[in-house]
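Participant: how would this look folded up:
(2 chains)
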Amino acid sequence: MNILETKNLTKIYGKGDTAIAALDGINLHAAEGEFVAVMGPSGCGKSTLLHLLGGLDHPTSGKVIINGQDVAEMTDDALTELRRREMGFVFQFFNLLPVLSAVENAALPVMLDGVKAEEAKAKATEWLTRFGLAERLANRPDQLSGGQQQRVAVARALVSEPKLVLADEPTGNLDTRSGDEIAGLLRDVGQKYGRTVVMVTHDPRIAAYADRIIFLKDGRVIDETVLEQKNGKNAEMVAERMTKLAN
Amino acid sequence: MNLQLTLAARYLAGRKLRTFLTTLAIVFGVVILFGMNIIMPSMLQALEANMKAAAGVVDFSVTSVSGEAFDPAVAARLADIEEISALAPAYVRTFNLPMDFFDEDPATLDRVTAIQLVGVDPEAVQTLRAFPLMGGRFLEAGDLGQTVISQSLADALQVRLGDTFWLPTVDGLTPLTVVGVLPARTLPGNEEVLVTLAEAQRMAGQPGRITTIDLNVAVDATDQEAREALAAEIQNAVGENYQVGALTSGADVFAALEMGQAILSMFGIMALFMGGFIIHNTFRTVLMERQHDIGMLRAVGASRRTILGMFLAEGLIQGVLGTVVGLALGYVFGVGMLKVAAAPISAFINIQLKDPVVEPGIVLLSIFLGIGITVAAGILPALRASRISPLEALRPTAAAASFETNRGRGFWVGVALVALSVAMLFFGQEAMIAAGGFVFLVGLTFLAPALVRPITDMFGVLLGRLYAREGTGEVARGNMLRQPARVATTASAAMIGLAVLVGVGAVLSSMSGTVFTMLRSNLGSDYLMVPPSIGLWANNVGASEGLVDELAAIEGVGPVASTRFAASATEGIAISLLGIDPTLFPQVSGLGFQEGDESAYGELGRGRAMIVNGAFIMATGAELGDTLELATPDGVQRYTIVAVAADFLNAKVTTAFISQANMAADFGRAEDVLIQLNLDEGVDPEALDPQIREVMQAYPQFNTIAGYAYLDQMLALFETAWSAMYFLLAFLAVPSLIAMLNTLAISVIERTREIGMLRAVGATQRQVKRMVTAEALLLAGIGTGMGLLSGLYLGYSWVVAMEAFFPLEYSFPLAGLIAGLATGLLFGALAGLIPARQAARMDVVAALRYE
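Facilitator: Numbers count the residues shown, from 1 in each chain, chains lettered A, B, ... in the order given. Sure thing, here's the model as predicted:
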């Protein structure tokens, strides 16, 4: 079953002569438990796509359907609720609140949903423990390494048990080892916990952890590749393919 | 704890210095508002306690509506009321004593500064009150020169049973022999000196008059309804010229104190508004700083309401914190001020200050304004925060710059308001002009963002010269222009402080000129005999006509004019009446006329006419030519206003001048409270001085001052008062300092990465420091420029508004301008110190990594 589907998704910036189509009639889908990577050169529309999928921005035309609901037709409040309950976000710059501890940061979406603090923190603790941060619960972001911060961010994305996790260059700010850890973690999110993950990245090594890679160029889907091995070993193949497609 | 409150609290704790500085602004406002409002009610209560103690322990007392002494025959009207079980007439009056009267030592605080003279009918009063004597006897009918006092007063005066002490009275010093001693006084208020009715009347120069009829009634004290019914019956019997219940004397003091309280409250509220500006400004910056955090929160599912709530919670926490600390410090401030001010205050209005009084109303008002203004200041930024798109979370950080043109709606609202305020100046109506000052300030606040560029350019030229070849001045100028809205808010906060400083400076410099002229005409006689309390007349002991006659009889003494006092009321408003001799008064003294002229003196002698002051006009709403009903001890009398004029001593109290003949006839007062005299021309003043002083020796209640010595004394007093005012105003400018410090600290934090870059590309620590200092000076320059401009307007409008009840002529406030400019730039330099150091010492690598 498809958790995510887009139909002729188009986003145009500007008007008249200066109009630029960031996305031009994108049709894609992601099934339950699937890990999809979106790749492409700078300015190809990766980030715009992710913003539209997350309901952070509005399409010029076309549809984004998440779990059967058309995002474009939702009010701001309904969208907020959708993000809180059905989606998780992982950002390049972690975006943890500097004033909250790791467990509080991870518990944020459920706390925002009105769940009692103890209960919310218990859930967050569970996820952080799974990600190897049991000893770091009370630390604030500035007391954590980049990799640890991003693991907290992944825990935050999963704490409300969402169907869909959207990740925007989640390893862009990390060293190679931490990057691999996070990519592996995201793969587990799909395989072990049955969530759909859509990740935007420009790093072939990271994209090679996905089930499927969608290549974008000039706002269009130009290729899709299904990977057999999902452990980063296909990185070279992905890189080659990307270079070829880019030209 | 709720998530919003948790986040708010954590953010506040995460930026301790900023939280401290912004909260300080609120603390400051609450301290002034609350502290000042403790001081005044404490004075009022001390006064009330005096009066209640004077009313004693009787059930009811009947006094004249006018507040004056009346004919005891009124008591006969009560004969038919069965419930009255006991009744006694009394003559009660507070006597202010001259400084050092008993202890004769100027170095120590006087033990006794005022006494309550209580003249009683010895037999009748004992049916009302019990006098448990510790020694001696009680007064007997026919006693003259005998007194009964408390042990505590006896101790203070160092007298014992059988000893004699002297009191200043209208006929000179009067000896009183202690025939009985009562237990030490435990009630608040002045000590009582009990004498027979006849003796009290003689000492006060009002034979055959009483000030109160005290009653005890045979009605259950707890039966409120029956008591009220009886009070109504008594009121009915005595008629509308009398009142049942509290004494009315002292109304003038109350009015003066209440006015003082209103002015000080205004200071507090203004300080709070400045605090509001600072908080508002901080929130705007916080908003920029947390753009990312807010975007993320929105992305992970925080609703707009949640974000709004988070910001408001932050305001709430700061408001509560600032208010609580403000209340505590305000209390300490109030108590401290009361301690410091106790001596001068008791010398001026003769009250003993006790514990500070905290009225629930002022606590509530402080809480309401303290928290309310803080939260309100956060509303706009909070709304803006709630509109931040979740996309912000995905954008890279950089200190925002917005070189907008600032010619939006706000600009035109500002233009309209400033134009309106200027138009208001030409309406000629005082209320309109005074309101214009406020409109001008608000208008300028709206205009502020658009003014940032021209003023920055102007000061920037100066700074460019100062920092030539370094380029730091240029960078600083650019930094000012990138956030004109924030700079404008800070400048507005600084502006208010400085505007008030310059504005009051204008009023003070206008007053000093006017007051000097007034003093010369009013108190410019060769000799002045002034009572102990110059501000408030009711409790001063004067002299009978004998003194003036004695003085006039001295060879070489020319015209002698006296001023007398009587209390009255019109339309329920207490007024002070001053009795003058229409012929003699203008020869030795004079009034400053606002409406009508000197011919009005003559009219005072014909029929019932009065010259009133501006405060009288303001209070009653009457106009020249109107006829008003004044309460007298024997019913109302109609007096016509023939001129509006003021004298120096009564500029602020609701005052009317009438002829001494009318005062004697209608109010029964012929006691001279202030005497002025001129010497004949060609007389040697030094030869006459001993003679004049010899006559005055019997009247120590008067301070005898030769000619211009008094002028000098008064001018010195004014100067002291004015420097105190400036000090208070400088206090008000403190939040400006906090505002600037805050904005600079914030902009340094915000530009951490930029500063790191500057250092990386070769800027020295010194250059970074200079850049921030230059910014501080620019910011101060903008605030000062706006402050001086609005201060000039405020000052002019206040002077014009005050002309209504005080003859004033506008004089340009050069001193105020210089003080404002110095304060503004000094504060700017001070405000730059810490952030400049902070910026210069920044670790370059850490700064470059800063997010």
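Participant: how far away is the closest residue to B:Val734 other than its chain neighbours from chain A?
Facilitator: Distance criterion CB to CB, 6 or more residues apart in numbering or on different chains; nearest residue to B:Val734, sequence neighbours excluded, is B:Phe28 at 6.3 Å. (C-beta placed from N, C-alpha, C; glycine too.) As judged by CB to the nearest CB, to the nearest Å, B:Phe28 and chain A stand 27 Å apart.
Participant: B:Leu420 is in contact with B:Phe446, isn't it?
Facilitator: No. Using CB atoms under 8 Å, B:Leu420 is not in contact with B:Phe446, being 11.8 Å away.
Participant: The two: which has the busier surroundings?
Facilitator: Using other CB atoms under 10 Å in any protein chain shown as the criterion, B:Leu420 and B:Phe446 rank with B:Phe446 on top: 21 against 13.
Participant: How about the contacts made by the more buried one?
Facilitator: Contact analysis of B:Phe446 by CB atoms under 8 Å, 6 or more residues apart in numbering or on different chains lists B:410-411, B:413-414, B:417.
Participant: So for the helix or strand containing it, what gets flagged as buried?
Facilitator: Here B:Phe446 sits within helix B:430-466, counting by DSSP states H and E. Going by neighbour count (16 or more other CB atoms under 10 Å in any protein chain shown), the buried part of helix B:430-466 is B:430, B:432-437, B:439-453, B:455-456, B:459-460, B:463-464.
Participant: Over to stretch B:552-571?
Facilitator: For stretch B:552-571, the neighbour count (16+ other CB under 10 Å) marks B:557-570 as buried.
Participant: same question, stretch B:612-625
Facilitator: Result for stretch B:612-625 [16+ other CB under 10 Å]: buried residues B:612-617, B:619-620, B:622.
Participant: hmm, back to that, pipe the buried residues of stretch B:552-571 into CSV and attach distance to chain A, secondary structure and pLDDT per row.
Facilitator: CSV is the format used below for these (distance: CB to the nearest CB, whole Å; DSSP: H, G, I helix; E, B strand; the rest coil; pLDDT from 0 to 100):
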residue, distance to chain A, secondary structure, pLDDT
B:Val557, 83, strand, 87
B:Gly558, 83, strand, 87
B:Pro559, 81, strand, 89
B:Val560, 80, strand, 90
B:Ala561, 76, strand, 89
B:Ser562, 75, strand, 89
B:Thr563, 70, strand, 88
B:Arg564, 72, strand, 89
B:Phe565, 67, strand, 87
B:Ala566, 70, strand, 87
B:Ala567, 65, strand, 85
B:Ser568, 67, strand, 87
B:Ala569, 63, strand, 85
B:Thr570, 64, strand, 86
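Participant: Assess the claim that B:Gly180 and B:Leu133 are in contact.
Facilitator: Yes. Proximity of B:Gly180 to B:Leu133 meets the contact threshold set by CB under 8 Å, at 5.1 Å.
Participant: Mind checking which of those two has more residues around it?
Facilitator: For B:Gly180 versus B:Leu133, neighbours defined as other CB under 10 Å are more numerous around B:Gly180 (18 against 14).
Participant: which helix is the longest one in the chain?
Facilitator: Because you didn't say which chain, this covers chain A. In chain A, with assignment by DSSP state H, the single longest helix is helix A:176-191.
Participant: Chain B, not that one
Facilitator: As assigned by DSSP H, the longest helix anywhere in chain B is helix B:304-349.
Participant: and the helix or strand just after that helix, what's its mean pLDDT?
Facilitator: Downstream of helix B:304-349, the first helix or strand assigned by DSSP H and E is helix B:360-386. On average, the pLDDT along helix B:360-386 is 87.
Participant: does chain A sit close to helix B:360-386?
Facilitator: No. Against chain A, helix B:360-386 shows no contacts by CB under 8 Å from any CB of the partner chain, the least distance being 10.4 Å.
Participant: Check which residues of that helix are buried.
Facilitator: Neighbour counts over helix B:360-386 (16+ other CB under 10 Å) mark B:362-363, B:365-367, B:369-378, B:381-382, B:384-386 as buried.
Participant: Only the buried subset of the contacts of B:Phe446, as a ChimeraX command please.
Facilitator: Under the burial definition 16+ other CB under 10 Å, those of those that qualify are selected in ChimeraX by:
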select /B:410,411,414,417
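Participant: Closest to A:Asp57 out of the contacts of B:Phe446?
Facilitator: Checking these against A:Asp57 by CB to CB gives B:Gly410 as the nearest, at 29.9 Å.
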